[in-house]
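1. build me a model:
(2 chains)
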Amino acid sequence: MTTDAIKAQALDSVANGVLITDGAGTILWANRAFARLSGHSIVQLEGLAITRLAFVDDQVTLGRLWHQLRETGAFAGTVEFQRPDGDVVRIELRGRAVIEDHHVLIVAVDITARQDLDVLAARMAQVLDAVDRTVVTTDLDGTIESWNRAAEQLLGWRASEVVGRNVADVAVPPWARGAVDRARSEVITSGTWSGTADLARRDGTLIPVQATASLLRDADGSVTGMVGVAIDVSEQLQHTRELALNNGWLNSIARHVGTGLVTLDHRGRIVYSNPAADQLLMTTAHPAVGGSFTNRLLGVDPFGNAGTMQQRLIGDEFSTLTEDEFIEDRLVRGDGSVVPIEYIAARLPRDDSDDRGWVVTFRDITDRLEREAAWREQVATSQWIVKINEALDNDRFVLFAQPIVDIASTRVVQHELLIRMLDDDGTLIQPREFIPTAETHGLMPAIDRWVIQQAIGLAREGHAVELNLSATSLNDDTLIHVIEGLLTDSGIDPGLLVFELTETGLAENFDTAAAFLGRLHTYGCHLAIDDFGVGYGGLTYLKSLPIDIIKIDIEFVRDLLDNATSRNVVSAVVALAQVLNMKTVAEGVEDKATLDALQSLGVDLAQGYHLGKPRPVVDVIGQGKDKR
Amino acid sequence: MSTAAGSGDRDLERDQAIADLTQAIGDREQDLADIDQRRLDAEQGELEAQAAQGRLTEIDASLWQQAISAAQDRRDSHQRSLDAAQVGRDGHQQHLNTEWATERPPAPSPSSPDVTRLRIERALERARAAEARATAAQARAQEARMREEQRLKDLQ
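-> Below you'll find the predicted structure:
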């Protein structure tokens, strides 16, 4: 083998492509590696201009390389060859002129793969620069290898200033370096670490971050370093702090506000209740949460607003619940008691509208209602006082008369006089409207005097009449003298007058009443106990008062036919009246069956709608006016 | 003109009539209280039925149970006052019975046998009514005991 052959065999065995061209670039010889690299056979290559292997653009590049060769005797550059199979390979060419025979020796290295890696690395660097998270790679000792743009912005150091330095010296405050060491150990042992930390910026300020760190490995799995990713959470922490603060405020307000506050789910069940709500609901024994709030509302408010909250929360009625309107209702408390409340309900601001709940504030309005009722009563009382006085001054009282019938003979034996007041527009006002005010404001003696005058007028015409006497009139010392004077002046038969007093009236001032009634009885007037059986616990007063008539309360008469105990009461009253030589009158007789029952029980007299409704006295028994 | 004995009779008759009326009113009050109790029993039954049908949550059932229990407590308290009043009336009636027993017999007259018979009949009637009241009171006490037992059972 010649020396040249030995050299050629040696060049064939090297991994890189080797070729020899003449001075114009025509290939004279190529080794096997170059043939593999170019995709041509050695035979095809020999005699081929090297420019034919390159793309058109790179042919220009080759021209520049040859120019460089002529100038310097060598060249280096990269070109892309297109192989016959269509693949493109990037070749690094290094050429040197062999002066003695005007040949050029060229070494060709395939850098296609290396080029791809460079591209990938450049892209990764761009990606890392583009992400808004701080990404830093280090070796296992913490020496910084890369530092992305977000890290520059967050920490104030440029990459060129920190690469090669230890990350602990650059970005970790001195007091936290121990923690960093522990985190690094954890990464090395378990492969990853995450947590929160304060990083130091270049200006010395601290910035809270949420960080993770992981091991970096090469293609064969060997550990080559670490990568740390950090997110600035200062804004998030600020929001969290503000949220916590706001929550604290809200909780504080909710807990200390005197108004009850509950939040409800969409079915009206309590999700949260503040202490004031617990107190109003009285949930000591039963926790409020989980129980229905709406079930506790009775839905009948003092002003008659229609619909309970329960109803308002169901189906289409949702929309009718306005959020700026206080609604009055009654709330059942834990002990079963009922308290008036007012509440306002607003929907909870949630996105999932199907399950939106409610926030309800409510408060006990007992005091307010009582105050308002007292005000209304005061106003009404003032108005009644004015009306009563005007009625007295302007003769606007009128008398009605209701017949009282002897049951056995069915004959009307007397009439009960019942007072009414004429309003400004001529309508009649029932006594229950104005008598309470008159009794509490000292107006009854004047009214009673007016009635007594009318009654005496009727008696003068020969009519037997019953008139009601207020208990408060008994305290009027002059009234008995007035009656005495009227009886004397009129010359009537006092027996035509029956004065009625209720048991309650007697009980309130027994001694005064006894003296008053005693005087009336002395004059020859008759006395009746009204509403007998309901007003007074003991009945011993019957032994000491000159009572002539017992008027059995309507309560015992109304259910006489159905209630055996009522019949027993009536029977006992009749027995007592017989023993005491009194007559009995049943009030409120509304049908014949009751009348028959009363007769069978021995009741003497009866009155009621069945026997005659109250009618104006002038229509029933005459003018009745005292013409004196 | 009445004799002294006759006047005493009338006083006793009057006191007895007042006592009878007081008792009749007391009986009626007890009657109304019994109606109240029956309504409460009905409400209790309705509550249990609603709870059994799952129409009330456990918490709500418990709440309403407490409301009914509070009403029952008030009823029981009222019943105790009625019982106390009845004890008072019974005592008074016993006193009147003693008075009747020691009262001098009426002077012989054509009407005396009738008056005596009437008094005996009334006394018997009162005794029967008192017995009926005692039976009813016993039944009420038994029901109250059962309610209390049930309440204790519910608490366990």
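2. please, which helix or strand holds A:Ala577?
-> Under the criterion of DSSP states H and E, A:Ala577 resides in helix A:564-580.
3. residues in contact with that helix?
-> With C-beta atoms under 8 Å, 6 or more residues apart in numbering or on different chains as the test, helix A:564-580 has contacts from A:532-533, A:539, A:542-543, A:547, A:550, A:552, A:555-560, A:582-584, A:586, A:597-598, A:601-604, B:10, B:13-14, B:17-18, B:20-21, B:23-25, B:27-28, B:30-31. For glycine as for every other residue, the C-beta is placed from the backbone atoms N, C-alpha and C.
4. got the phi and psi for the residue in chain B that chain A sits nearest to?
-> Using C-beta to the nearest C-beta, the closest approach of chain B to chain A is made by B:Ala67 at 2.7 Å. Backbone torsions of B:Ala67, given as degrees, to the nearest 10, read phi -60, psi -40.
5. if you average pLDDT over whatever helix or strand A:Leu517 lives in, what comes out?
-> Here A:Leu517 sits within helix A:510-523, counting by DSSP H and E. Predicted confidence along helix A:510-523 averages 90 (mean pLDDT).
6. in it, which residues are buried?
-> Residues A:513-514, A:516-517, A:520-521 are the ones in helix A:510-523 that count as buried (16 or more other C-beta atoms under 10 Å in any protein chain shown).
7. same question, stretch B:47-54
-> Going by 16+ other C-beta under 10 Å, stretch B:47-54 has these buried residues: B:47, B:51.
8. can you check stretch A:459-468 too?
-> Buried residues in stretch A:459-468, defined by neighbour count with 16+ other C-beta under 10 Å: A:459-460, A:463-468.
9. what parts of chain B come near chain A?
-> Contact residues, chain B versus chain A (C-beta under 8 Å from any C-beta of the partner chain): B:10, B:13-14, B:17-18, B:20-25, B:27-28, B:30-31, B:56-57, B:59-60, B:62-64, B:66-71.
10. nearest the geometric middle of chain A, what residue?
-> The structure's chain A has its C-alpha centroid closest to A:Val359; by C-alpha atoms, centre = their mean the separation is 0.8 Å.
11. ok, that one - contacts?
-> Contacts of A:Val359 were listed using C-beta under 8 Å, 6+ apart, and they are A:261-264, A:345-348.
12. just give me the neighbour total for the nearest residue to it once chain neighbours are set aside.
-> Closest residue to A:Val359 apart from its sequence neighbours, by C-beta to C-beta, 6 or more residues apart in numbering or on different chains: A:Thr263 at 5.0 Å. For A:Thr263, the count of nearby residues is 19 (other C-beta atoms under 10 Å in any protein chain shown).
13. who touches residue 82 in this structure?
-> Assuming you mean chain A. Shown in contact with A:Gln82 (C-beta under 8 Å, 6+ apart): A:53-55, A:88.
14. wrong one, chain B
-> When contacts are counted by C-beta under 8 Å, 6+ apart, B:Leu82 touches B:26, B:29-30, B:33.
15. again with A:Arg177
-> A:Ala168 are the contacts of A:Arg177 under C-beta under 8 Å, 6+ apart.
16. list the contacts for the residue of the stretch 201-350 of chain A found nearest chain B?
-> With C-beta to the nearest C-beta as the measure, the residue in the stretch 201-350 of chain A that lies nearest chain B is A:Gly336; the distance is 2.7 Å. Neighbouring residues of A:Gly336 by C-beta under 8 Å, 6+ apart: B:63-64, B:66-71.
17. could you find the closest non-adjacent residue to it?
-> Using C-beta to C-beta, 6+ apart and skipping residues adjacent in sequence, the residue nearest A:Gly336 is B:Ala67, 2.7 Å away.
18. give me the number of residues near that neighbour?
-> Neighbourhood size, B:Ala67 [other C-beta under 10 Å]: 19.
19. and the end-to-end length of stretch A:612-620?
-> Using C-alpha to C-alpha, to the nearest Å, the gap from the first to the last residue of stretch A:612-620 comes to 10 Å.
20. ok, which stretches of the stretch 201-350 of chain A are strands?
-> Using DSSP state E, counting those that start in this stretch, the strands of the stretch 201-350 of chain A run over residues A:206-217, A:223-232, A:260-264, A:270-273, A:327-332, A:338-347.
21. mean neighbour count, these: which tops it?
-> Mean neighbour count, computed with mean count of other C-beta atoms under 10 Å in any protein chain shown, is highest for strand A:260-264 among these, reaching a mean of 22.
22. counting by contacts, list what that strand packs against.
-> With contacts defined as 3 or more C-beta pairs under 8 Å, 6 or more residues apart in numbering or on different chains; DSSP states H and E, the secondary structure elements packing on strand A:260-264 are strand A:270-273, helix A:275-281, strand A:358-364.
23. tabulate the ones you listed (CSV), appending mean pLDDT.
-> Rendered in CSV, the data for the helices and strands packed on strand A:260-264 read as follows (pLDDT from 0 to 100):
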stretch, mean pLDDT
strand A:270-273, 86
helix A:275-281, 87
strand A:358-364, 87
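24. now these as a markdown table including distance to B:His78?
-> Below are those laid out as a markdown table (distance: least, C-beta to C-beta, whole Å):
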| stretch | distance to B:His78 |
| --- | --- |
| strand A:270-273 | 34 |
| helix A:275-281 | 27 |
| strand A:358-364 | 27 |
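25. against A:Gln607, how distant is A:His103?
-> Per C-beta to C-beta, to the nearest Å, A:His103 is found 153 Å from A:Gln607.
26. A:Phe362 too?
-> 50 Å.
27. again with B:Asp15
-> Relative to A:Gln607, B:Asp15 is positioned 30 Å away (criterion: C-beta to C-beta).
28. when these two are compared, which one has more neighbours?
-> A:Gln607 (25 against 17).
29. so the more buried one makes contact with A:Gln402?
-> Yes. Using C-beta atoms under 8 Å, A:Gln607 and A:Gln402 qualify as a contacting pair, with a distance of 5.6 Å.
30. helix/strand/coil for A:Glu466?
-> For A:Glu466, the secondary structure call by DSSP: H, G, I helix; E, B strand; the rest coil comes out as strand.
31. next one, pLDDT for it please.
-> A:Glu466 is assigned 96 on the pLDDT scale.
32. widest-spaced pair of the contacts of A:Val359?
-> Pairwise distances among the contacts of A:Val359 were taken by C-beta to C-beta; the largest, 14.8 Å, belongs to A:Leu261 and A:Arg347.
33. how big is the angle separating the helix ranked longest in chain B from helix A:564-580?
-> Determined from DSSP state H, the single longest helix within chain B is helix B:4-52. Relative orientation of helix B:4-52 and helix A:564-580, computed by axes from the mean of the first three to the mean of the last three C-alpha atoms, to 10 degrees: 170 degrees.
34. on contacts alone, who are the packing partners of helix B:4-52?
-> Using 3+ C-beta pairs under 8 Å, 6+ apart as the contact criterion, the neighbours of helix B:4-52 among helices and strands are helix A:541-544, helix A:564-580, helix B:58-102, helix B:112-155.
35. change it to 6 Å
-> For helix B:4-52, the helices and strands in contact under the criterion 3 or more C-beta pairs under 6 Å, 6 or more residues apart in numbering or on different chains; DSSP states H and E are helix A:564-580, helix B:58-102.
36. low-confidence regions, chain B specifically.
-> Counting by pLDDT under 70, chain B shows low-confidence ranges at B:1-9, B:58-60, B:103-113, B:155-156.
37. so which bits of chain A are right by chain B?
-> Taking C-beta under 6 Å from any C-beta of the partner chain as the criterion, chain A approaches chain B at residues A:286, A:290-292, A:295, A:335-336, A:533, A:539, A:565, A:568-569, A:572-573, A:575-576, A:579.
38. report the mean confidence score over the helix or strand hosting A:Ala151.
-> A:Ala151 is part of helix A:149-155, with elements assigned from DSSP H and E. Helix A:149-155 shows a mean pLDDT of 92.
39. for the helix or strand just after it, packing partners?
-> Proceeding C-terminally, helix A:149-155 gives way to helix A:159-162 as the next helix or strand, assigned by DSSP H and E. Helices and strands touching helix A:159-162, by 3+ C-beta pairs under 6 Å, 6+ apart, are strand A:144-147.
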